[in-house]
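Colleague: My questions are about this predicted structure, shown below with the sequence.
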Amino acid sequence: MDPGIRWRVRKSKAARAVMIALLCFCNLLLVAMIGGLFWRSLPILRSEPLSELLLSTSWAPLKGEFGLLPFLLGTLWVTGVANLVAVPPCLLTAIYLSEYARARTRELVKPFIDLLAGIPSVVYGVWGVLVVVPLVRDHIAPACGTFSSGYSTLAAGLVLAVMVFPTLIGVSLEVFETVPHEAREASLALGATRWQTVKFVVLRKAAAGVLAAVVLGVSRAFGETMAVLMVAGNVARIPHSVLDPAYPLPALIANNYGEMLSIPLYDAAILLSSLLLLLLVFAFNLASRLILIRVERRAR
Amino acid sequence: MDLRRAEEGLFKGLMLASMVLVLGSLALILGVILVKGLPAMSLDMITQTPKGGYYLGKEGGILNAILGSLWLTLGATVLSLAIALPVVLYLNTWRDARSRLATLTRLSFDILWGIPSIVYGAFGFTLMLLFGLRASLLAGILAIALLMLPIMARSLDEVVRMVPRDLLEASYALGATRWETAVRVVVRQALPGLVTAVLLAMGRGIGDAAAVLFTAGFTDAVPTSLLQPAATLPLAIFFQLGTPFPAVQARAYASALILTVVILGISLACRLLTRRLVKNVVR
C-alpha cells in the first residue's frame, strides 16, 4: 500500500478511537453524576435513616436535623400550581397552531415561543419580583381576604407556568404532527366540525404524547432554580395554601452553597437534595422520552 | 346543530385567548425589563468594574460580570463543541443514524438536557472537591460545558442527520476515508446548522446562573487566569437585586436588560446566519 493511504487510514482509525472514547464519556455522564452525588451524600445517609431524612419536617442544620419533607412538598406545590396554570392554555395554543392556523401564522409564532424558551431564568425572576409578586400581594391576596407578602407558592407557580410554556407547546405541536392527515380528513368528511375532529380524533390519537409533554413540563418545573428562588419566599415550612411561602428543593440547594462547608453534614444534606432532585427529574424525563419515542415510531 | 357551532366558537375563542396569553407574557416580560432597565442604564454600567461600595449604591459598573460571562461561555462552548461534534459525527458517519447505539445516545442526551442546571452545579462542586479545585473560571467552564453538551449534541445531531446519504457514498467512492468524509463533506454540509447549534447552546450557557453559583464564584475583578473566580452576568443581577438599596436594585434591572439584549442578539444572529450560510449547501 502507498504510505500516503496508510497514513490517511491510520488517521481515520485514530479519529474513530477518540470518538468512541467521547461517546462513552457522554453515555456514562449520567451514571457519573448519580454516583458522584451519592458518594458525597453518603455521610448523611450513614448517620440517619433515609425515611427520617425524607419524612421529617424539622430543618435545623445547626442541631443536626435535616428533614427534607418541607422542601419536597414545596417543590410539589409549586410544580402543581405551575402546571395547573400552564397546561390548558398551552394545549389550546398548540391545537390552534397545529389544527387551525395557516402555515404562515405557525412559522410566524414559533420564533416567539423559542424566544420565551431562551430568556434566562434570572430574567424571569426579575420579572416575577417586579410584576407577579406585587400582583399577588396587592390584588390576589386581598381579594381572598388574607394577607400575603407576595413571595409565595402562587407567585412561584405563576412564574414557572410561563417558563414551561415553550416546553409544553413545543412538544405538543410535535405530537400533533404525528397524527395522520387521513384521520382528520375522514372525520371532517363525516360532517364533524373542526373542534369535534380535534376532540374525538386528534386528542384521542395524541393522548399518550400529550401526557409525555405534560410530564416533561413537570420535570422542567421541578428543577427551575433561580426564578423560583427569587419569588417563592423560602420558608422551610410545609405550605398550607398557595399564598403561603414555599421552599422548593432547588432553592434550598442554591441558597446554601456558601455556608454548607462550615457545618458538619450540611454539605452532605445539600448534595443529597441534589441527588433526590436528579433522580426525580431523571424518572420523569425517562418516562416521557420513552412515550415520545414510541409515539414517533408508531407515526413512521 | 347550533350547539355544535356554539362549541366550535367557544373553543376557538379560548384558543385565541390562550395565544394572546402566551405571546402577551413574552411581550410583558420584555416590556417590563425594558421599561425598568432603561432609566438605570449608563455607559458606566458596561465600561466600569464595581468600585468600593458599589453594592451600597456608589459608582461603578458590571464590566467584571460581562467579561466573566463572556470568557466562561466561550470556554464552555469550545469545550462542549469539542466533545459533542466528534460524537455526533461518529454516530452519523461510522454508525447508521438509526442504529440502536444512536437511539440510546440520543435518549441519554435528551435526559441530560432535562437535568436541572443546579444539579450540574452540584455535580461540578463534587468534581471540585475531588480535584481540590476552588471556585474558579475553570470550574465554571467545566460545569457550563456539561450543561451545554446535551443541547449542543442534540441540535448538531438534528442537522448532521439531514446530510444526504448519497453525498457520503459519493465521497467514499472517490476513495476518501471516513474521517475525511466526516470533516470535509459532512461538516461543510452541516455548517449552517452547526453555527445555529453553537449559538443556541451559547445562549443557554450565558444565561445560566444556578450552575455557576457553586463553581465560578463571584468577584469584583476581571479574571486574568483560569484559576481565579469569575463574576457572571446572571449572578450579578441576582446579587444586585438582593441588596436592600433601590439604586442598586435599579442596576439589577439594567443588568437584566443587558443580558436580555445579549440573548436577543444571539437568537437574531442565529436566524440571520442560518439564512446566509445555507447558500453554500448542496441540496
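Modeller: Yes, it's here. Numbering: from 1, shown residues only, chains lettered A, B, ... in the order given.

Colleague: Pull out the buried residues from stretch B:149-168.
Modeller: B:149-157, B:159-161, B:163, B:168 (16 or more other Cβ atoms under 10 Å in any protein chain shown). Where C-beta positions appear, they are placed from N, C-alpha and C, glycine not excepted.

Colleague: Sort out for me which of the residues you listed are in strands.
Modeller: Using DSSP state E, no member of the buried residues of stretch B:149-168 falls within strands.

Colleague: I'd like those residues as TSV, with pLDDT and distance to chain A appended.
Modeller: Below are the buried residues of stretch B:149-168 laid out as TSV (pLDDT from 0 to 100; distance: Cβ to the nearest Cβ, whole Å):
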residue	pLDDT	distance to chain A
B:Leu149	95	7
B:Pro150	94	8
B:Ile151	93	11
B:Met152	93	11
B:Ala153	94	7
B:Arg154	92	11
B:Ser155	91	12
B:Leu156	92	12
B:Asp157	91	11
B:Val159	88	16
B:Val160	89	13
B:Arg161	87	14
B:Val163	86	17
B:Leu168	88	14
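
Colleague: With distance to B:Ala182 added, can I get those in a markdown table?
Modeller: Below are those laid out as a markdown table (distance: Cβ to Cβ, whole Å):
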| residue | distance to B:Ala182 |
| --- | --- |
| B:Leu149 | 19 |
| B:Pro150 | 21 |
| B:Ile151 | 21 |
| B:Met152 | 17 |
| B:Ala153 | 15 |
| B:Arg154 | 19 |
| B:Ser155 | 18 |
| B:Leu156 | 12 |
| B:Asp157 | 14 |
| B:Val159 | 14 |
| B:Val160 | 9 |
| B:Arg161 | 14 |
| B:Val163 | 10 |
| B:Leu168 | 9 |
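
Colleague: and the residue of the stretch 51-200 of chain A found nearest chain B, how many residues sit next to it?
Modeller: As assessed by Cβ to the nearest Cβ, chain B sits closest to A:Pro120 within the stretch 51-200 of chain A, at 2.8 Å. When neighbours are counted by other Cβ atoms under 10 Å in any protein chain shown, A:Pro120 registers 24.

Colleague: Ramachandran angles for it?
Modeller: phi -70, psi 150 (degrees, to the nearest 10).

Colleague: burial of the nearest residue in space to it that is not next to it in sequence, as a residue count?
Modeller: Counting by Cβ to Cβ, 6 or more residues apart in numbering or on different chains, A:Pro120 lies nearest to B:Gly207, which is 2.8 Å off, once chain neighbours are set aside. Neighbour count of B:Gly207, defined by other Cβ under 10 Å: 26.

Colleague: Who are the contact partners of B:Gly207?
Modeller: Residues near B:Gly207 by Cβ atoms under 8 Å, 6 or more residues apart in numbering or on different chains: A:Gly118, A:Ile119, A:Pro120, A:Ser121, A:Val122, A:Val123, B:Pro234, B:Leu259, B:Ile263.

Colleague: Tell me the confidence at the second one?
Modeller: Predicted confidence (pLDDT) at A:Ile119: the value is 93.

Colleague: shaky segments in the chain?
Modeller: In the absence of a named chain, chain A is used. Where chain A drops to pLDDT under 70, the residues are A:1, A:258-260, A:300.

Colleague: not what I meant, chain B
Modeller: Using pLDDT under 70, the flagged stretches of chain B are B:1, B:275-283.

Colleague: about what we covered before: in strands only, show me the contacts of B:Gly207.
Modeller: Going by DSSP E, the strands hold none of the contacts of B:Gly207.

Colleague: Just the ones in helices from these, please.
Modeller: A:Gly118, A:Ser121, A:Val122, A:Val123, B:Pro234, B:Leu259, B:Ile263 (DSSP state H).

Colleague: so who does the second one touch?
Modeller: Taking Cβ under 8 Å, 6+ apart as the definition of contact, the neighbours of A:Ser121 are A:Met163, A:Glu224, A:Thr225, A:Met226, A:Ala227, B:Ser117, B:Gly207, B:Asp208, B:Ala209, B:Ala210, B:Pro234.

Colleague: hey, C-alpha coordinates of the helix or strand encompassing A:Lys110 in CSV?
Modeller: A:Lys110 belongs to helix A:103-118 when assigned by DSSP states H and E. This file holds the C-alpha atoms of helix A:103-118, laid out as CSV (Å, rounded to 0.1, in the frame of the first residue of the first chain):
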residue,chain,number,x,y,z
ALA,A,103,-48.7,27.5,7.9
ARG,A,104,-47.5,31.1,7.7
THR,A,105,-49.0,32.1,11.1
ARG,A,106,-47.4,29.0,12.6
GLU,A,107,-44.0,29.9,11.2
LEU,A,108,-44.5,33.5,12.5
VAL,A,109,-45.4,32.4,16.0
LYS,A,110,-42.8,29.7,16.5
PRO,A,111,-39.8,32.0,16.8
PHE,A,112,-41.5,33.9,19.6
ILE,A,113,-42.1,30.7,21.6
ASP,A,114,-38.4,29.8,21.1
LEU,A,115,-37.6,33.3,22.4
LEU,A,116,-39.6,32.6,25.5
ALA,A,117,-37.5,29.4,26.0
GLY,A,118,-34.3,31.4,25.6
